[in-house]
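1. give me a 3D structure for the following:
(one chain, ligands or ions: 2)
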Amino acid sequence: MRWSKPATPTTPETWPPHPPPGETELERAVRVEEEKEAKRTSDAIDRELELERVEQRKHRHSTRVLLLGQAESGKSTMLKNFQLHFAPEAFHAESEAWRAVIHLNLIRSVNFILDLLPGGPSSTLSELRHSRSFSGNTLGDADSLLRHFRVRLSPLRQVELILVQRLSADDPARTAVNVEEATPWYYGRASEVSIRGGSGWKALLRRKWNSQMGARPDELDKARQILHACREDIAELWVHPDVQKGLEAEGVVLRDQSGFFVDDALRIAAADYEPTPLDILRARLQTIGVEQHIISVERFGEPSHRWVFYDVGGAKGHRASWAPFFDDVDAILFLCPMSGFNEVLLEDRRVNRLLDSFNLWKTICMSRLLKGTTFILLLNKTDLLKTKLEAGVSFAQYVKSYKDGPNEHEHVCDYLKRKFVAMCKHNSARERQLHVHVTCATDISTTAIVINRIKDAIVVNNLISSDYL
Ligand SMILES: Nc1nc2c(ncn2[C@@H]2O[C@H](COP(=O)(O)OP(=O)(O)OP(=O)(O)O)[C@@H](O)[C@H]2O)c(=O)[nH]1
Ligand SMILES: [Mg+2]
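-> Numbering: from 1, shown residues only. Ligands and ions are numbered 1, 2, ... in the order given. This next block holds a predicted model:
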């Protein structure tokens, strides 16, 4: 907020003014009180102005970027890439915290499988049908196999509880039970991992145990030991033909879901597991609300440049909290997951993902607050788009305006690029800087190239708008 100081009634040399001649005792008391009040107001405004100046001095070398896009478009993953690129030491220092998220991703997938298959709490009315078709084994065989895994892997429920408690320990309102409420539960999906509050949870996992945290000092170690003891069973469960058939019968492709680590269970559940940068990029942690992340560029012998990122929750219920951040950013990074053309939103299963991205983009372009802001559009998840098209999923079947365009990756990317650029032109109040990149946010080396281009585009644009160029 900007303050302007009200004009003082006299020049500073004559402040406070001389007492008027013939002033009574009462008039004097009133005048002195008024002068005191005026001084208090003036001092308060001076303090505000000074604070603002300090803030401006501090932020002179900051670039502020707002990440926008629907849930699971890859915003937080792109942010991790910026961290890895600009501040690799800080990125690596956080890998221990990410280990807990990766373990939780893995455990939730396993518990999801056990709950979904016949006999589990989430199995549906079709249970009987699937039990019968469960591998062509007799009903008894299938039942006893699943019972065997459920018993062997039951300690994972406790590990899940410990990790959730530990990750959400700074937020008393969010317990292991209501942490689930952040995302609507959907029958065919493993539940989300979501924690409110920026990067505070990372510090929590590093910090030594204290009595308020609710987890005993050895509990994280214990959780890792239990997971380690279960790893052979997890791997066995996953490759078992009955389990694969059961998931297929339910129409669940677990590999396509965010935070899928079951293929790597033996490595990830190993006692000495250290997450790789790629593991960290693949870890899924749903963003709740708006998180501010400050990245200080690690460069020796140069003054540090700061990047301030606002990473938002993309699900429909979180979008109302985006607008207050619109008027104070240098660039918008908008992500559209191209592979979503044949998917629906998790929070509203009537809405196609690509259509939702189009509508969001249109709304952002039309925003008056953003009329002068540089836009960077990332057409993300290009790898998944390619896999889908190569597997024969028809783009034109879902996007009617594509008509009889070739079902090839390059053509589809080109089409989407043209479509987004045209929407931007059509809906922006005035001409704006728009940079478009096709990305795979889980590919570190290609994303590094894109990040350098983004950096150049934002820096040049800032120089232009500050009249340096
Ligand atoms: N294969 C593939 N996976 C990706 C890509 N980009 C992101 N992901 C994965 O997609 C999942 C979701 O990404 P996030 O970055 O958490 O999505 P988000 O936009 O921050 O989602 P919200 O926080 O819910 O708004 C993560 O597990 C990522 O690893 C990509 O280009 N290719
Ligand atoms: Mg996110």
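
2. what does this structure put close to ligand 2?
-> 75, 76, 287 (CB under 5 Å from the ion). Every C-beta, even on glycine, is put in place using the N, C-alpha and C of the backbone.

3. need the per-residue pLDDT for the closest residue to ligand 2 within the stretch 251-400 of the chain.
-> Residue nearest to ligand 2 within the stretch 251-400 of the chain (CB to the ion): residue 287, separated by 3.1 Å. Confidence at residue 287, expressed as pLDDT, is 91.

4. what about whatever residue of the stretch 351-469 of the chain ends up closest to ligand 2, distance to residue 265?
-> Closest residue of the stretch 351-469 of the chain to ligand 2, CB to the ion: residue 441 (11.1 Å). Separation of residue 441 from residue 265 (CB to CB, to the nearest Å): 24 Å.

5. so, low pLDDT: which residues of the chain?
-> 1-17, 52-61, 119-142, 169-188, 195-217, 300-304, 463-469 (pLDDT under 70).

6. got the phi/psi numbers for the residue nearest in space to the middle of it?
-> Among the residues of the chain, the one closest to the centroid is residue 76, at 3.6 Å (CA atoms, centre = their mean). Phi and psi for residue 76, reported as degrees, to the nearest 10, are phi -70, psi -30.

7. residue 332 now?
-> Dihedral angles (degrees, to the nearest 10) for residue 332: phi -110, psi 130.

8. for the one 4 residues further on, same thing?
-> The phi and psi values for residue 336, taken as degrees, to the nearest 10, are phi -120, psi 120.

9. still on that earlier bit, so the residue of the stretch 351-469 of the chain closest to ligand 2, which of the three states?
-> Per DSSP: H, G, I helix; E, B strand; the rest coil, the local secondary structure of residue 441 is coil.

10. let the chain start at 52 from now.
-> Taking 52 as the first residue, the last one we looked at is residue 492.

11. how many neighbours does it have?
-> Residue 492: 26 surrounding residues under other CB atoms under 10 Å.

12. for it, give its distance to residue 430.
-> Relative to residue 430, residue 492 is positioned 11 Å away (CB to CB).

13. again with residue 219
-> From residue 219 to residue 430 the distance is 34 Å (CB to CB).

14. can you tell me the helix or strand for residue 322?
-> Assessed by DSSP states H and E, residue 322 sits outside every helix and strand.

15. residues contacting it?
-> The neighbourhood of residue 322, defined by CB atoms under 8 Å, 6 or more residues apart in numbering, consists of 275, 276, 279.

16. does the first one lie in a helix or a strand, and which?
-> The one in question is residue 275. In the assignment (DSSP H and E), residue 275 maps to helix 270-290.

17. touching that helix from outside, list them.
-> With contact meaning CB under 8 Å, 6+ apart, helix 270-290 is reached by 151, 154, 157-158, 161, 164-165, 200, 203-204, 206-207, 209-210, 213-214, 217, 256, 294, 313-314, 316-317, 320-322.

18. PyMOL command for the buried members of those?
-> Selection of the buried residues among those in PyMOL, burial being defined by 16 or more other CB atoms under 10 Å:
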select buried, resi 151+154+157+158+161+164+165+200+203+204+206+207+210+213+214+217+256+294+313+316+320
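
19. quick one: neighbours of the residue nearest to residue 455 when sequence neighbours are not counted, just the number.
-> Closest residue in space to residue 455, ignoring its immediate chain neighbours: residue 447 at 6.6 Å, by CB to CB, 6 or more residues apart in numbering. As a burial measure, residue 447 scores 16 neighbours (other CB under 10 Å).

20. with residue 391 instead?
-> When neighbours are defined as other CB under 10 Å, residue 391 has 24 of them.

21. so what does the longest helix seen in the chain touch, helix or strand wise?
-> Longest helix in the chain, counting residues (DSSP state H): helix 76-109. Contact partners of helix 76-109 among helices and strands, from 3 or more CB pairs under 8 Å, 6 or more residues apart in numbering; DSSP states H and E: none.

22. returning to what we had before: following the helix holding residue 275, which helix or strand comes up?
-> helix 292-300.

23. in whatever helix or strand residue 505 lives in, what counts as buried?
-> Residue 505 belongs to helix 495-516 when elements are defined using DSSP H and E. By neighbour count with 16+ other CB under 10 Å, helix 495-516 contains the buried residues 495, 497, 498, 501, 502, 505, 506, 508, 509, 512.

24. what's the answer for stretch 485-494, then?
-> 485, 486, 487, 488, 489, 490, 491, 492, 493, 494.

25. now swap in stretch 331-339 and tell me
-> Along stretch 331-339, these residues count as buried under the neighbour rule (16+ other CB under 10 Å): 331, 332, 333, 334, 335, 336, 337, 338, 339.

26. so is residue 386 in a helix, a strand, or just coil?
-> Secondary structure state of residue 386, per three-state DSSP, is strand.

27. contacts only, for it.
-> Contacts of residue 386 (CB under 8 Å, 6+ apart): 118, 119, 120, 124, 125, 126, 129, 429, 431, 492.

28. if we use 10 Å, what do you get?
-> Residues in contact with residue 386 (CB atoms under 10 Å, 6 or more residues apart in numbering) are 118-121, 123-129, 365, 408, 427-432, 490, 492.

29. equivalent analysis for residue 510, please.
-> Residue 510 is in contact with 114, 356, 381, counting by CB under 10 Å, 6+ apart.

30. out of those, which comes closest to residue 137?
-> residue 356 (8.4 Å; CB to CB).
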